[in-house]
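Trainee: Generate coordinates for the sequence data below:
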Amino acid sequence: MQRTSPLAAVQTPPDAGVLSCRVLDPVSEPVTNAEFAVSDTMGRTVVSGGTDPYGSFVTTVPAGEYRLAVSAEGFTPYRATAQVGENSLASLGDVTLQVAQPPELPAPGDWEIEQTHSSIGFTARHIGLARIHGRFNSFAGAVRIAEQMERSAMHVVIDAATIDTGVRMRDDHLRSADFLDVQRFPTLEFYSERFVHRGGARWAVTGALSLHGVTRTVTLDTEYLGLGNGMEGEVRAACRATTELHRDDFTVSWQTMLARGIAVVGPSIRVDLDVQIVPKG
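Mentor: This next block holds a predicted model:
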């Protein structure tokens, strides 16, 4: 008995066709949640999304020529072109992604954060209102890279009084006893001795964050960007990291403010770090 393809039942507009692909790893297993982007000849994204549990995607697009980009964590990106005809299927078949070589790690030894090219920012939300973006303007940090990267350590100290959201009245309030209470707790500190490789360029850096007199375990979801050279030829390493903090974990006074009806900031704060480190002189 001949089976009819499910695509036979797909209704497409008269001027459109179907583009499909299945994404596999080097041992022919499907790559689920790989990201794909289909763009036109002008470079404009027409459709994007992720592969299904079988590593496949199927999309309807106007007839024409397209560029396809497929990416997945730990793999080298794949690019191809496809010509989609009216009322027809353009299938790229099975696409095999190759495992990407992780970027070279920094050499063992003592490194320090280069503040000029680094930033520590955060995003919070007024309850029911717009997001607030801010940063800390002064911080310092040291990283000891071990022979085995997993045994490395880092220590970062942030000057709490340098919080900056671009609004002086709000910043003064954030420095007050209602929030950071910088008179009693002048610094935020993060110390970690746990670096876990998650594959490719992804790392989890877990440590203790001390804020407002309270210490909690925090994990930084980190993307290592590799090594480069500065303007004067010095070697530097770069990474991006994010984490989410819950205000209730670090202070109770904010709840008191909410009880008084002062809705200043939402329950969670996203922290984003862009960091470059250089060998300690």
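
Trainee: and Trp203, how many residues sit next to it?
Mentor: Trp203: 21 surrounding residues under other C-beta atoms under 10 Å. For the C-beta atoms, the positions are set from N, CA and C on the backbone; glycine is no exception.

Trainee: sorry, that was for Val196
Mentor: Neighbours around Val196, by other C-beta under 10 Å: 13.

Trainee: pLDDT score assigned to it?
Mentor: Here, the pLDDT recorded for Val196 equals 93.

Trainee: OK, contacts around His133?
Mentor: His133 makes contact with 121-123, 165-166, according to C-beta atoms under 8 Å, 6 or more residues apart in numbering.

Trainee: how close does it sit to His212?
Mentor: Per C-beta to C-beta, to the nearest Å, His133 is found 21 Å from His212.

Trainee: so where do the strands sit in the stretch 51-200 of the chain?
Mentor: 56-62, 64-71, 78-84, 89-96, 109-113, 119-125, 131-136, 139-145, 153-159, 163-164, 187-199 (DSSP state E, counting those that start in this stretch).

Trainee: for the ones you listed, which one sits closest to Thr242?
Mentor: strand 119-125 (9.9 Å; C-beta to C-beta).

Trainee: What helices and strands are in contact with that closest one?
Mentor: strand 131-136, strand 268-279 (3 or more C-beta pairs under 8 Å, 6 or more residues apart in numbering; DSSP states H and E).

Trainee: Now do that strand, average pLDDT.
Mentor: 87.

Trainee: likewise stretch 86-94?
Mentor: Average pLDDT, stretch 86-94: 90.

Trainee: which parts of it are buried?
Mentor: For stretch 86-94, burial by neighbour count (16 or more other C-beta atoms under 10 Å) applies to 89-90, 92.

Trainee: Could you do stretch 20-33 as well?
Mentor: Buried residues in stretch 20-33, defined by neighbour count with 16+ other C-beta under 10 Å: 21-23, 25, 30-31.

Trainee: mind listing what Val38 touches?
Mentor: 19, 45-48, 59, 61, 66-68.

Trainee: Make a ChimeraX selection of whichever of those turn out to be buried.
Mentor: Burial among those is assessed by 16+ other C-beta under 10 Å; the matching ChimeraX selection reads:
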select :19,59,61,66,67,68
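
Trainee: okay if I get the contacts of Val38 as CSV plus pLDDT and distance to Phe75?
Mentor: Formatted as CSV, the contacts of Val38 follow (pLDDT from 0 to 100; distance: C-beta to C-beta, whole Å):
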residue, pLDDT, distance to Phe75
Leu19, 92, 20
Thr45, 91, 20
Val46, 92, 23
Val47, 93, 21
Ser48, 93, 17
Thr59, 91, 21
Val61, 93, 24
Tyr66, 95, 21
Arg67, 94, 18
Leu68, 94, 15
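
Trainee: how about CSV for the contacts of Val38, with distance to Glu244 added?
Mentor: Output for the contacts of Val38, formatted as CSV (distance: C-beta to C-beta, whole Å):
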residue, distance to Glu244
Leu19, 36
Thr45, 28
Val46, 33
Val47, 30
Ser48, 25
Thr59, 32
Val61, 36
Tyr66, 37
Arg67, 35
Leu68, 33
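
Trainee: Might one say that Gln183 is in contact with Ala161?
Mentor: No: counting by C-beta atoms under 8 Å, Ala161 is not a contact partner of Gln183; they are 9.0 Å apart.

Trainee: Between the two, which is the more surrounded one?
Mentor: Ala161 (16 against 11).

Trainee: Can you read off the pLDDT for the more buried one?
Mentor: Confidence score, pLDDT, at Ala161: 95.

Trainee: Would you mind measuring from it to Met154?
Mentor: For Ala161, the distance to Met154 - C-beta to C-beta - is 23 Å.
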